[in-house]
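Student: have a look at this prediction, sequence included:
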Amino acid sequence: MLIQVVGVPDDRTSEEVCACVRLHTSAKVTADELKEFCRGKVSDFLVPKYILFMEDAFPTTETGKFSRNQIAAQAKSLLGLSNMAQTSQKLISSYLHVPHKRPCSGKTTGQLFNERANNNPDKEMYVFYADKERKTYKQMQDELGIKVIVLMRSPSDLCDKACQVIPELAVNSAENLNCQGTPTLRYVINAGTTKCSGAYSLADFMEVGNAVEKSDFLEACELVDLDDPLGVFFTSGSTGFPKGVTHAHRLCDIFSTFLDSLSTDAEGNEILWMSRYALIMSFGGIGAQTGALLPIFTKATTIIVGPVYDAKMIARVMHDEKVTGTTMLIHHLNDILNLSDIKDHDLSSLELCFTGGSIIPRSLRDRAAKITKHILLGYGGSEGFAASQTPRDSIEVLEGAAYSLTPGQELKIIGPDEQILPINTPGEICFRGRNLFMYYWGEDEKTKASKRPNGWYHTG
C-alpha cells in the first residue's frame with residue numbers, strides 16, 4: 001500500500017487533509033476503516049477528511065520523487081474542488097468569497113426548459129401523486145405556451161375554509177371581489193371542486209391563455225432577458241407581513257451551479273439525489289424554487305406529494321416513487337420517523353434530505369440515518385441561498401452546523417458601523433451574489449432597507 005497525504009481546498013478551514021491511496025492488487029480496505037485506524041494515533045484534525053483510492057501510479061518529478069503538487073492537483077480534480085478559492089490564506093476577517101466552479105449558460109428559464117424538453121421529450125417531468133397523473137417534458141411543453149403549470153391543487157374543503165376567513169368569497173362575484181378585510185386581494189383562483197362565487201375556476205383561468213395568439217407569445221419570449229423577473233416567491237411571513245421576493249431568470253442557471261456542490265461525497269462518488277425529487281408543498285417559497293423548477297435546471301423528475309402536509313402521504317410517495325432526494329423542515333423529518341408503520345416503507349432509495357431552520361439534534365440525525373444517506377442543513381431564505389453543508393463534510397462539521405458558502409457568493413459579518421468584523425465576532429450577516437433577489441414586489445422602501453445599491457443583502 002502506498003499513501004500520499006496532500007492538502008486540498010476547503011471553504012471553511014481553507015485547507016483539509018486528503019489521503020491518496022494505492023492498494024496492492026490483493027488488498028481490501030474501505031475509507032472508513034482507514035479513518036478509524038488513524039483515530040487515536042494522530043490528532044483529530046490530522047485524520048483525513050478525504051480518502052481517495054488511486055488506480056494509476058503516482059506522478060513523479062524528474063528526480064523520481066513523488067510530485068505532491070501533481071498529486072494534490074489530481075485529488076482536487078477528482079473531488080471537484082479544482083476551482084475553489086481560499087487555498088493559500090487563512091481567514092483573518094469575517095469576509096469570504098467562493099467563485100463559481102463553472103460559468104453560467106446565459107440562458108433564460110424558457111430556453112433551459114425547451115432545451116430539456118427537446119433533448120428528453122419522453123422523460124417524466126412531473127408526477128402529481130394525489131391526482132394519479134404523470135407528465136413528460138414534451139407534454140408539459142405542449143401545455144405550457146401561453147398557459148401555466150398548476151402544481152398545488154387544493155382539496156375542495158380549502159374553499160370552504162377560505163370563505164370563513166374572507167366572507168366576500170361566498171357572496172361577491174369574481175369580477176368585483178371587494179374584500180373589506182383584505183382590500184388588496186383582487187383575484188382568487190379555485191382549483192378545487194366546491195363552487196365559490198367570488199373565485200375564478202381553474203378552467204376559466206387556463207382559458208385566458210387561449211385569447212393570446214401563439215405567434216405573439218413566441219415573439220414575446222424572444223424579448224425575455226436573464227435580468228427580467230422570473231417569478232415572485234413569498235416569504236414565510238415570520239414578521240407577520242409576507243414579502244413578495246422577485247427573482248430574475250438567472251436564478252435557475254445559478255442554482256444549478258450550487259446543486260453541483262452537493263453531487264459528490266467525501267470519497268468522490270457521485271450522488272444521484274436529484275433524479276427523483278419529492279416536492280413537499282408546505283415547505284413554502286424555497287420549495288417552489290428547488291422543487292417546481294428543479295426539472296428545468298437539472299434532468300430531475302419532481303414528484304408533487306400533495307396540496308397539504310401529510311407525513312403518511314410523504315412516506316408512501318417516497319416508497320412508491322423510489323424518491324432519491326427531498327427538502328423538508330426538521331419537524332417533517334421527525335414526523336416521518338415517528339410513524340408507527342415506518343418500517344413497512346422502503347426508503348432505501350433516499351440519497352439526500354435537505355433541511356434548515358434549526359439545528360438537527362444528534363438523536364434525530366442518528367434516527368434519520370436509517371432512512372437517508374445524507375441529511376444536510378442550509379442557510380438562506382427566499383431572498384437568496386447563502387450557504388449549506390455538503391455530503392463531503394465530516395460528522396463533526398455536520399453536528400456543529402458549520403456551512404460552506406454557496407459558489408458565486410460573497411459573505412461578510414459586520415458591526416453597527418457596517419465594518420467587517422474579525423473572525424469569531426458576532427454581528428449581522430450580509431451576502432451578495434447573482435442568485436440574490438431583485439426586489440420586494442411593490443415595496444421599494446423595504447427593498448432599499450435590506451438590499452443596498454452595491455448589491456449586499458443585509459439579513460438583519
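Tutor: Everything's here; your move. Numbering: from 1, shown residues only.
Student: domain parsing for the protein?
Tutor: 2-90, 147-211, 229-458 (automatic domain parsing).
Student: endpoints of the longest one, how far apart?
Tutor: Across domain 229-458, the terminal residues are separated by 21 Å (CA to CA, to the nearest Å).
Student: so for that domain, what's the average pLDDT?
Tutor: What domain 229-458 shows for mean pLDDT is 82.
Student: for the second one, same thing?
Tutor: Taken as a whole, domain 147-211 has a mean pLDDT of 76.
Student: if we can go back for a sec, is it possible to get JSON lines of the domains of the chain that adds mean neighbour count and distance to residue 100?
Tutor: Where C-beta positions appear, they are placed from N, C-alpha and C, glycine not excepted. Shown next, in JSON lines, are the domains of the chain (neighbours: other CB atoms under 10 Å; distance: least, CB to CB, whole Å):
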{"stretch": "domain 2-90", "mean neighbour count": "15", "distance to residue 100": "8"}
{"stretch": "domain 147-211", "mean neighbour count": "14", "distance to residue 100": "28"}
{"stretch": "domain 229-458", "mean neighbour count": "18", "distance to residue 100": "5"}
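Student: what's the closest of the ones you listed to residue 106?
Tutor: Residue 106 sits nearest to domain 229-458 of all the domains of the chain, at 7.3 Å, using CB to CB.
Student: so what's the gap between the closest one and the chain middle?
Tutor: Its chain's C-alpha centre and that of domain 229-458 lie 4 Å apart, by CA atoms, centre = their mean, to the nearest Å.
Student: which stretches of the stretch 1-150 of the chain form strands?
Tutor: In order along the chain, the stretch 1-150 of the chain carries the following strands (DSSP state E, counting those that start in this stretch): 2-10, 14-22, 50-53, 95-98, 124-128, 133-136.
Student: re earlier: as CSV, the domains of the chain with distance to residue 132 would be great.
Tutor: Below are the domains of the chain laid out as CSV (distance: least, CB to CB, whole Å):
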stretch, distance to residue 132
domain 2-90, 39
domain 147-211, 12
domain 229-458, 11
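Student: out of those domains, which gets nearest to residue 136?
Tutor: Per CB to CB, nearest to residue 136 of the domains of the chain: domain 229-458, 9.6 Å.
Student: touching, residue 247 and residue 438? I think so.
Tutor: Yes - at 6.5 Å, residue 247 counts as touching residue 438 under the criterion of CB atoms under 8 Å.
Student: tell me which element residue 161 is part of?
Tutor: Assigned by DSSP states H and E, residue 161 belongs to helix 157-165.
Student: now do residue 377
Tutor: Using DSSP H and E, residue 377 falls in strand 374-381.
Student: give me the helices and strands touching that strand, please.
Tutor: Judged by 3 or more CB pairs under 8 Å, 6 or more residues apart in numbering; DSSP states H and E, strand 374-381 is in contact with strand 352-355, strand 384-388, helix 395-399.
Student: could you dump the ones you listed to a markdown table with distance to residue 340?
Tutor: Formatted as a markdown table, the helices and strands packed on strand 374-381 follow (distance: least, CB to CB, whole Å):
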| stretch | distance to residue 340 |
| --- | --- |
| strand 352-355 | 21 |
| strand 384-388 | 32 |
| helix 395-399 | 28 |
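Student: select, out of those, the one closest to residue 67.
Tutor: Here helix 395-399 is closest among the helices and strands packed on strand 374-381 (CB to CB), at 29.8 Å.
Student: quick one: contacts of that closest one?
Tutor: With CB atoms under 8 Å, 6 or more residues apart in numbering as the test, helix 395-399 has contacts from 12, 44, 360, 362, 365, 375, 376, 377, 389.
Student: thinking again about what came up before, spit out the residues that contact residue 247 and residue 438 alike.
Tutor: residue 229.
Student: mind saving the C-alpha coords of stretch 412-423 as CSV?
Tutor: Below are the C-alpha coordinates for stretch 412-423, written out as CSV (Å, rounded to 0.1, in the frame of the first residue of the first chain):
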residue,chain,number,x,y,z
LYS,A,412,-19.4,39.2,5.4
ILE,A,413,-20.3,39.8,9.1
ILE,A,414,-20.5,43.4,10.0
GLY,A,415,-20.8,45.5,13.2
PRO,A,416,-23.1,48.5,13.9
ASP,A,417,-20.7,50.7,11.9
GLU,A,418,-21.1,48.3,8.9
GLN,A,419,-17.4,47.5,9.0
ILE,A,420,-16.3,43.9,8.6
LEU,A,421,-15.6,42.2,11.9
PRO,A,422,-12.7,40.0,12.9
ILE,A,423,-13.4,36.2,12.8
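Student: mind listing what residue 21 touches?
Tutor: Contacts of residue 21 (CB under 8 Å, 6+ apart): 1, 2, 3, 34, 51, 52, 53, 54.
Student: my guess is the third one contacts residue 20. True?
Tutor: Spelled out, that is residue 3. Yes - using CB under 8 Å, residue 3 is in contact with residue 20, at 7.0 Å.
Student: before I go, just wanted to say thanks for your time.
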